[in-house]
Structure formats: C-alpha cells, structure tokens
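[1] I would like to see how this sequence folds:
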Amino acid sequence: MTSPARTSTPGWSHARAVWAMVAVTLMWSVAGVVTRQLTETRGFEITFWRSFFTVLALLVIMPLWQGIGWFRAVHWTNKALLLSGVCWSLMFTAFMVALTLTSVGNVLVTMAVGPLFTALVARIAIGHRMPARTWAAIAVAGAGIAYMFVRQFDAQGSLVGMAVALGVPIGGAINWTVVQRSQAHGERVDLVPAVLVGAAISTLAMLPFALPPAATKTDLAWLAMLGSVQLAIPCVLSVLSARVLKAPEVSLLALLEVIFGILWAWWGAGEAPGQEVLIGGFLVIGALLFNELLGWRSRQAAPRIQTLDAES
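    As a prediction, this is how the structure comes out:
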C-alpha cells in the first residue's frame, strides 16, 4: 500500500501502529480464501462486486472519519490523484482476475516483489539511487519468480495467472512513484480518495463484463466482506499506521500478508502450497527481508556516526 506524507496520528503510539498494521495484513490476506467460497460468481464479475462494495464502504467511512464536508475538500481534478486512482483500478482488477487463474500462493508471492518493482520505477522515473544490496535483492527475488514461472510452464493457467498478478506490483510501483513525486513538488496526494477513484473506475470498467450477474445472495455477502473488511477498512488503518511507522517497518510488516494469505488458503480452501511456491517464495521473501533489514541497520547507524563526527 502507498501512503501520504508521514504526519503524526493523534493518540497512536508506535506499538498501536504496529498492531494495526498486523491487523491490516490479516484483513488483506483473506481475499484468496474468501474468493474460494464463491459458488456462482466468476472472473470479472468478482472484480466488479468487490470494487462496487469498496466504493460503498468508503462512502460510509469517509464522512465518519473526516466529516460531512470531506468530499468538497478533495481536489478531484488533480492529475496525480487521478493517475493514482488508475493505478489502484489496475491493482484491483489484476489481483482478482489472477486469483481465478492460479493458486492464492502463486498470486501472493508474485505480488511480494512490489517493493523491488517500486525501487526500479523510482530509479527510472525520479532518479532515486539504489544501494548495491537492493540490486542484489532484485536479482534474487527475480530468480525466485523466474523459478516459479519455469516450474509451472506446462501449467498454462498458473503461468497466465502469475503474469496477470504482476499487474499488482507494477501498478503499485507506479502509484508510489506518482505520490512521492507529487509530494516532492509540494502536492499532497491523499491515499483514501485515490482508492475511491480506483474502485469507481474498476466498477465501471468491469460492469459490461459482469452482465448478466450470476452472484447468489451468499456470494454477495462474501463479496461485500471483500469490499469492506478486506479493502476499505484496512486501507484507512494503513494510512493511520503509515503516519506513525517508518517506511521500512511498513514494508516488513506488509510481508505478513503473503504468509497469512497462504495459511488462510491452506486452511480454508485446501490449497497446500507447492514446492515451487515454497522455494520461489523463500527466495522472494528472503531477499526482501535481507534488503529491508540491512537498510534499517544503515539508517540506525547513520545518526550515531553523525553524532560522533559532531563530538570529535
């Protein structure tokens, strides 16, 4: 998830923000297992209903959170906000379509390369320099994804599903870069209205493909849960957490979604992760953890070095 510029969240301690992010990843992670409970709804219709219920949930949450006048306070014509919304719509669509083509584990591990994709896009688009450890992590994570692709080359559905799932980290990388570039130029792009824009675009884009609707009442209940509990609520909580936590902490905690999601699918849908997912996932998650932990250590060491230089 992307977030606006870090500002304090009144009443939120560091520990509270950490536990909120754990809850966020737990809610994000139920998408796969919930999708497997649907009986009649398939493909693009799932994306339509999930996006539609996300719009409804945010239209309820936003006035309660920011007041009745929140809608007028948003600059809806802001180009960065609109581009961020398009990125969100790509992420919504790619994620749900991928889940109908391959296993939950394949989708989640493929999505885990998001931070590394973001580093690459930021380097190309806004000139962010990357340390050697990040390039090494990109190489290792890329090897993990390539291994999963090669191992499942004869499983056409899995291969296509993983290719579609790559739309999520690609959209996220562009989204993050757009938000950061805007903030660097003095514009603040609020995350939640951008998510609302993305959900609205996704709803309208998927509507022609969702007709005639096949969803049963039970399916609609599950899909309403996806739109509200799996996306809208954790989106708001992640904004509040990101205002307290540092970016490396958010990145590390977000990896819990992969672990939770695979466990949910294993327990609730009988999708035991295959050997290629375990090996490829180990490479991807290990590379990300290694990169983030080394980055955290270097940032912790920097203030101490500056202090010593000042005292000498």
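
[2] now L211: how far from F44?
    From L211 over to F44 the distance is 10 Å, taken as CB to CB, to the nearest Å. For every residue, glycine as well, the C-beta is placed using N, CA and C.

[3] which of these two has more neighbours?
    Relative neighbour count places F44 above the other of L211 and F44, with 20 against 11, counting by other CB atoms under 10 Å.

[4] pretty sure the more buried one is touching M206, no?
    Yes - in this structure F44 lies within contact range of M206 using CB atoms under 8 Å: 5.0 Å.

[5] which one is L223 nearest to, not counting chain neighbours?
    Distance criterion CB to CB, 6 or more residues apart in numbering; nearest residue to L223, sequence neighbours excluded, is W49 at 4.0 Å.

[6] Can you list the helices and strands that the host helix or strand of the one you found packs against?
    Of the helices and strands defined by DSSP states H and E, W49 is found in helix 43-66. For helix 43-66, the packing partners by 3 or more CB pairs under 8 Å, 6 or more residues apart in numbering; DSSP states H and E come out as helix 70-73, helix 79-99, helix 191-206, helix 217-225, helix 233-242.

[7] repeat that with 7 Å
    Judged by 3 or more CB pairs under 7 Å, 6 or more residues apart in numbering; DSSP states H and E, the packing partners of helix 43-66 are helix 79-99, helix 191-206, helix 217-225.

[8] Run the chain-centre distance for that helix.
    Helix 43-66 has its C-alpha centroid displaced from the chain centroid by 16 Å (CA atoms, centre = their mean, to the nearest Å).

[9] for stretch 255-273, same thing?
    Going by CA atoms, centre = their mean, the spacing between the C-alpha centre of stretch 255-273 and its chain's C-alpha centre is 16 Å.

[10] For it, which residues meet the burial criterion?
    By neighbour count on 16 or more other CB atoms under 10 Å, the buried set for stretch 255-273 is 255-258, 260-262, 264-265, 269, 271, 273.

[11] What mean pLDDT does stretch 117-130 get?
    Predicted confidence along stretch 117-130 averages 71 (mean pLDDT).

[12] Offset the numbering so it begins at 823, please.
    Let's use 823 as the start, then, which means that last one is stretch 939-952.

[13] mind listing what's buried in it?
    When burial is assessed from 16+ other CB under 10 Å, stretch 939-952 yields the following buried residues: 939-944.

[14] if we can go back for a sec, just the angle for the helix holding W871 relative to helix 901-921, thanks.
    Between helix 865-888 and helix 901-921, the angle comes out at 140 degrees (axes from the mean of the first three to the mean of the last three CA atoms, to 10 degrees).

[15] and helix 865-888 with helix 1013-1028, angle?
    Here helix 865-888 runs at an angle of 150 degrees relative to helix 1013-1028 (the same axes, to 10 degrees).

[16] List the contacts of helix 865-888.
    Taking contacts as CB atoms under 7 Å, 6 or more residues apart in numbering, the residues outside helix 865-888 that touch it are 857, 860, 863, 892, 914-915, 918-919, 922, 1014, 1017-1018, 1021-1022, 1024-1025, 1028-1029, 1031-1032, 1035-1037, 1042, 1045-1046, 1048-1050, 1053-1054, 1058.

[17] One more: stretch 909-927?
    Looking at stretch 909-927 with CB under 7 Å, 6+ apart, the contacting residues turn out to be 853-854, 857, 864-865, 868-869, 872-873, 929, 979-980, 982-984, 986-987, 989-990, 993-994, 996-997, 1016-1017, 1020-1021, 1023-1024, 1027-1028, 1083-1084, 1087, 1093, 1095, 1099.
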